[in-house]
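J.: Generate coordinates for the sequence data below:
(chains A, B, C, D and E)
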Amino acid sequence: MLVNCVLYGKDGRKLRDIGVDEIGTALAQNEGFVWVGLHEPDEPLLDRLQHQFGLHELAIEDAHRAHQRTKIETYGDSLFIAVHTAQTVEHRVAFGETHLFVGHNYLVSIRHDASLSYVPARRSCESSPELLALGTSYALYAVLDFIVDNYMPIVADFQNRLHELEHAILGGRFQQRTIVQLYELKKELVQLQLTMTPLQDIMSQLVRLYPGLIRDEVRPYFRDVGDHAARINETAGTIREMLTTAIDVNLALVGVAQNMVFKKIAGWGLLLTAPTMIASWYGMNFHDMPELLAPHGYLTVFACTVSVCVVLFILLKKTDWL
Amino acid sequence: MLVNCVLYGKDGRKLRDIGVDEIGTALAQNEGFVWVGLHEPDEPLLDRLQHQFGLHELAIEDAHRAHQRTKIETYGDSLFIAVHTAQTVEHRVAFGETHLFVGHNYLVSIRHDASLSYVPARRSCESSPELLALGTSYALYAVLDFIVDNYMPIVADFQNRLHELEHAILGGRFQQRTIVQLYELKKELVQLQLTMTPLQDIMSQLVRLYPGLIRDEVRPYFRDVGDHAARINETAGTIREMLTTAIDVNLALVGVAQNMVFKKIAGWGLLLTAPTMIASWYGMNFHDMPELLAPHGYLTVFACTVSVCVVLFILLKKTDWL
Amino acid sequence: MLVNCVLYGKDGRKLRDIGVDEIGTALAQNEGFVWVGLHEPDEPLLDRLQHQFGLHELAIEDAHRAHQRTKIETYGDSLFIAVHTAQTVEHRVAFGETHLFVGHNYLVSIRHDASLSYVPARRSCESSPELLALGTSYALYAVLDFIVDNYMPIVADFQNRLHELEHAILGGRFQQRTIVQLYELKKELVQLQLTMTPLQDIMSQLVRLYPGLIRDEVRPYFRDVGDHAARINETAGTIREMLTTAIDVNLALVGVAQNMVFKKIAGWGLLLTAPTMIASWYGMNFHDMPELLAPHGYLTVFACTVSVCVVLFILLKKTDWL
Amino acid sequence: MLVNCVLYGKDGRKLRDIGVDEIGTALAQNEGFVWVGLHEPDEPLLDRLQHQFGLHELAIEDAHRAHQRTKIETYGDSLFIAVHTAQTVEHRVAFGETHLFVGHNYLVSIRHDASLSYVPARRSCESSPELLALGTSYALYAVLDFIVDNYMPIVADFQNRLHELEHAILGGRFQQRTIVQLYELKKELVQLQLTMTPLQDIMSQLVRLYPGLIRDEVRPYFRDVGDHAARINETAGTIREMLTTAIDVNLALVGVAQNMVFKKIAGWGLLLTAPTMIASWYGMNFHDMPELLAPHGYLTVFACTVSVCVVLFILLKKTDWL
Amino acid sequence: MLVNCVLYGKDGRKLRDIGVDEIGTALAQNEGFVWVGLHEPDEPLLDRLQHQFGLHELAIEDAHRAHQRTKIETYGDSLFIAVHTAQTVEHRVAFGETHLFVGHNYLVSIRHDASLSYVPARRSCESSPELLALGTSYALYAVLDFIVDNYMPIVADFQNRLHELEHAILGGRFQQRTIVQLYELKKELVQLQLTMTPLQDIMSQLVRLYPGLIRDEVRPYFRDVGDHAARINETAGTIREMLTTAIDVNLALVGVAQNMVFKKIAGWGLLLTAPTMIASWYGMNFHDMPELLAPHGYLTVFACTVSVCVVLFILLKKTDWL
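T.: Prediction:
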């Protein structure tokens, strides 16, 4: 689906919306650039774009199929960038994909799956034409910055989830649910880092390379985005490290808790078994058991049993077995 | 066994099938190239090939013995490539080996063990002679692309197996079978990554090096194959990481489950031991136990015992020991 | 908030306090440099500084928002450095942030969050003007040295906490509290290393690069600071490694302790169950049990029971089950 | 001990056995090279060799003392190589050491500890003089190839041992013996990899460096040996990785088995405790227990007890507690 | 404290002991070098040395304070080296520090903490003046070689301790003491490696760099020392790796042992509970229990009980529950 296709002048101002098939002519007459936004385009549309911009067959194939790795590739004098986007949909992280074609006078963005529209990024660019006058490299920055910024709330959410898990684990509430959540958080972190690490690479390439396409004035901006990506990655790494520690610590706490349970079981068992043994003893049927006939025999045994139990109770409490 | 041996013209079109011993003469007369496909060849056949193409003795020795590492080696102006192939045979991954000799006018592929025929790759090449006109480097691409693409369903199958294991583990169904499956999946992943990591290297070498043999037009295609290999490797790495986490998480869950089992055992034990103790007590044979003669003595004790059990049951339920 | 803003002469002596808006004029007339200290400045103040020194918009944005990564960046002929500071506030480590702008004739330090004032560093500089005469690079050294030195007591505190934990764990006192402390120490260590590792990088860059800004005479001083940072990092790494070992060792000790608990439980259980069994036996109501009528029957059984218990006790003690 | 000392002609043919002290003169008259084989030589013999070939004092010291690391070192225009050898002696891996001095016209091999004689390698060289005509670098290849090939059966044996351990662990037979074997295998693997990793390095140096000593025709042979070393190392790495997984998996399986044991214990305990409780109850001595006098009282209780046990048995079986 | 201060001639022979304050004059008249040995010097002594040799203030500061990292630093045309030393004091490893200043005509060694005197190293140098004639770089080698050689017995001791631990763990003797020893060994290993790794670096720098200070003839000697350091480091790494495995294996063995303990407990419990249950049964007071009156009733039950116990015993033994 074509979201929008706009021609910008050399001064960064929006000239007009144009049709896909006019692009070639418009660019021939004008020194500005075209910024095309697509969402899950079908093959005919991609073919028309390929024709307009002379894109490489392999890149178009990649752009059609989602499930690309985060990467940057040069095809002649144009760049193909594939990045993963993320947003929170119904309390879960939904990953999407965006493919970008960058030439000296065009920028094509193709969104796949769950993915926020780039309209806000475009609008913020249009509101400062003096920056957009820097050309496609500034527009590229705007899109990448928007993508990376969208990861921020997700990482913040991850941190909250870590804090909740820490609370549950260190508080001694070991539940299956806690461990399942821990596993899921780990999984999403692995996916996040798989995206962020190459993204840092892409940014550092955009800071240093591609002199024909990237204006020097825009390079500090890419460094800034790369820095944000690095910060996200670092935070994710820290969370991951603490998750691993949390699993280990959880094992240790379960062991400690088990020991306490055992001691309690054993302690109460002993406390109940002792009087049972005494009672069994005087349940024997010997004809000649002097205690049974002794005056106050029953009372004496009763008193003894109670004393034994009390002493045991105190002893077990003291040595932490109850 | 010779699978096929075909002479292609300079324009990429198939000229004719030829015999192994004609190769030298055919290449001398023609500017095209020869593409030879072999399956577990015997030594005499390899000797004839060595003679036709002037291959290095060490390379031929490698090609005869399976169990080579994934590698790329130059011998003079020809390349020797050894890669591992994989396919699913009866629900298990079967690994095979393919050795490739690449010269500027010949490509020899030698398959060992379980391994799909390269006939489909060859046929797809023959159907677009304009690409095959790029020479042996395009044919090499076709074979390598076919090999890497065959890993895709295997990785997808690995992901399914991970999901099943996750389901079993996080659902609390710890069975010996689950853990055996987990171990086997890990083992196949290790083998897969041992193959994929050097394959990525080979691809990146084919993108950058060997200017005499690899046509510049074909380099983006090798980059594409390398990209697929990287994606497979990444996915395998993620699965592996999650498997490790799953083992850890499993331990934690087993610990939690054990604690619950202990508490249950202890709870029911207490619930049964209490009335036994009371009963033992009144089984004592003292002559003078007033309770035994008291009117309603039995009923009182009965009622007390029931009350004790009920109170215990409620207490234990509340504190999660039943 | 402006903490202070001082003009220094070429000879390193303090000339006078000046206002932010005089800076430009003062520098134009003088060959010395300005050292500005800020604490959580508001936007208008930052804007005035940006105007006075011609700082880059992105750097000012970074300086306004805390939560930057530790980093060094060049903007034209000036440097932007972001570092994290640490101090102990009420027995906990509080991390802060400091941003530094360095030009050939100005140094601006901006403190955020918990962070000690740099007044002591400035005062020590002013007391040796022959060193301050080396210019902004020496002032920069003074600030960075002060920051890194403030980490020393924190690392020493970490070591003390490790020793206490070791004592608790190896002494067999496994408590939930111990493990919670262990987890928290690990977390602070991760954060510390996340700061120290890039700081080492920054120092090694200051030793080698930025020839216009960093005087060669000051480079050994930066090497010294880098060395301190490396030592802190190394110590933190060692503590972290030992923490991991401590968790593992704790698990092993819990296992050993559990085994001892089990054996004790089982031993005492056996010791109590044996007489109960004997007593139950002679509690049977058969008409014809010769032992019950035998003279000294009761005494014999009593003696036997005691002997059994004593023998059991000795046996269990010997085999370590009691 | 001197094993052999042979002079070879320029054409690779053996000329004659010579004495150690003739070497200097023989080499002066001849354009071939000398290949000396020693086994645990004493100091005087080493001194004579040092004198004949002008070897460096430090290298001779190294060669005398075993326990060198695997390494390659240049001394002037000669090479000193120390490698570890391995062979299976009485079902255990015995490691030995070989030191090699290589000059342009001599090769000295010194074996220490358990180590196979290099006579087979020498004999195979002598049977193809056209290759030995390549000089000392080919003789060096022959020795190194022989050493690396001797590791092959050891790695195969390791794999067999891994398979047996896997069988034991995954089959649920956790025995102390299994774990001891696992530990020993790990130890030998670590030692193997400590040898193989630098050996790969040495080979890759022999492929690229030392132009005066290593003939270009021999370089592919060293690449081949390096490849074998890499394969051995890779296999060892895989075994090691799987061993680690096996230990983890073993822990998980022990946990699962423990849970089953607990449940069985608790189940049978319950099944025995229930009738005991009932029996204790009717063992009470109350004067007035109507059930005791009721006609068929005993039979009723007997029937009830059996029913309770049967029901319990079925319930426990169903819920997997028996 | 000044240990000794000696002037050596150009031929490597000792000329005479001199005072610290004569050094400058002596060196001005002579072409030899001065070798100064200090042990925990006070500040005034260091100041006099600084004055004599023109050392950098930062280096002197480092030399005064112990607790430097192992490092090599250049100050103008002199080197500052800080290394850690180790020796066994009362069965424990005591680490010390040595700082070395090396100029083209002086070597100053400053020892801190537990540290052997370098008198033996100096004496061995003086006994071979032809080597000492190589100047300060040979004296430096002598000191560093002495330091590294002193690590050898420590590593050998570590290996012995590992063997004892292996023996204890694999032999199934899990004691708290074993695990504490394991932890302490790990800690000392970490410290050892922290010293050895940079020491290898320093040696490799001395082999390659500092052409004005290090004579080429001495470089192989530094390579030799570096090699020893590498061997120590490797051995330490192996011990560390095996320690980690030992902890894991210990956990597994504790699990296995626990299972055996459980089974034994449960087995004996069953064996005692069965007769108790039977006895309780015939302790019931029903008026009408035919078995109680049956002739030989008691004998029959006695026989039955014994049979049940024997059968149970055999069954439990067979299934490994006793």
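
J.: mind checking which helix or strand the closest residue to chain C within the stretch 1-150 of chain A is in?
T.: Chain C sits closest to A:Leu131 of the stretch 1-150 of chain A, with a gap of 10.4 Å, by Cβ to the nearest Cβ. For the C-beta atoms, the positions are set from N, CA and C on the backbone; glycine is no exception. Per DSSP states H and E, A:Leu131 falls inside helix A:129-132.

J.: Not counting that helix itself, show me its contacts.
T.: With contact meaning Cβ atoms under 8 Å, 6 or more residues apart in numbering or on different chains, helix A:129-132 is reached by A:8, A:11-13, A:125-126, A:138-139.

J.: and if we set it to 6 Å?
T.: Residues outside helix A:129-132 that contact it (Cβ atoms under 6 Å, 6 or more residues apart in numbering or on different chains) are A:12-13, A:125, A:138.

J.: right, and the pair among these with maximum separation?
T.: Farthest apart among these by Cβ to Cβ are A:Arg13 and A:Tyr138. That separation is 13.3 Å.

J.: So for these two, which sits in the more crowded spot?
T.: Counted by other Cβ atoms under 10 Å in any protein chain shown, A:Arg13 and A:Tyr138 do not tie: A:Tyr138 has more neighbours, with 21 against 13.

J.: wait, that one sits on A:Arg219?
T.: No: using Cβ atoms under 6 Å, A:Tyr138 is not in contact with A:Arg219, being 11.0 Å away.

J.: Next, count neighbours for the residue of the stretch 1-150 of chain A closest to chain C.
T.: A:Leu131 is flanked by 17 other residues according to other Cβ under 10 Å.

J.: quick one, helices of chain A?
T.: A:23-29, A:43-53, A:57-64, A:119-126, A:129-132, A:136-149, A:152-170, A:176-208, A:219-281, A:290-293, A:297-318 (DSSP state H).

J.: Point out the residues in the stretch 51-200 of chain A that sit beside chain B.
T.: A:58, A:69, A:174, A:176, A:179-180, A:183, A:186, A:190 (Cβ under 6 Å from any Cβ of the partner chain).

J.: Was I right to think A:Ile278 contacts A:Val306?
T.: No: contact status for A:Ile278 versus A:Val306: not in contact, 10.5 Å apart, counting by Cβ under 6 Å.

J.: Looking at these two, which is more packed in?
T.: Shown here are A:Ile278 and A:Val306; by other Cβ under 10 Å, A:Ile278 has more neighbours (23 against 11).

J.: Who does A:Gly96 form a beta bridge with?
T.: Beta-bridge partners of A:Gly96, counted by DSSP bridges, are A:Thr85.

J.: mind listing what it touches?
T.: Residues in contact with A:Gly96 (Cβ under 6 Å, 6+ apart) are A:85, A:112-115.

J.: Show the pLDDT at the closest residue to A:Asp224 other than its chain neighbours.
T.: Distance criterion Cβ to Cβ, 6 or more residues apart in numbering or on different chains; nearest residue to A:Asp224, sequence neighbours excluded, is C:Leu58 at 5.3 Å. As predicted, C:Leu58 sits at a pLDDT of 85.

J.: What of A:His67?
T.: Predicted confidence (pLDDT) for A:His67: 80.

J.: Also A:Arg231?
T.: 92.

J.: A:Phe174 now?
T.: 67.

J.: Which residues are in contact with the closest residue to A:Ala94 other than its chain neighbours?
T.: With Cβ to Cβ, 6+ apart as the criterion, A:Ala94 has its nearest non-adjacent residue at 3.7 Å, and that residue is A:Ala114. Counting by Cβ under 6 Å, 6+ apart, A:Ala114 touches A:89, A:94, A:96.

J.: Thanks again, I'm all set now.
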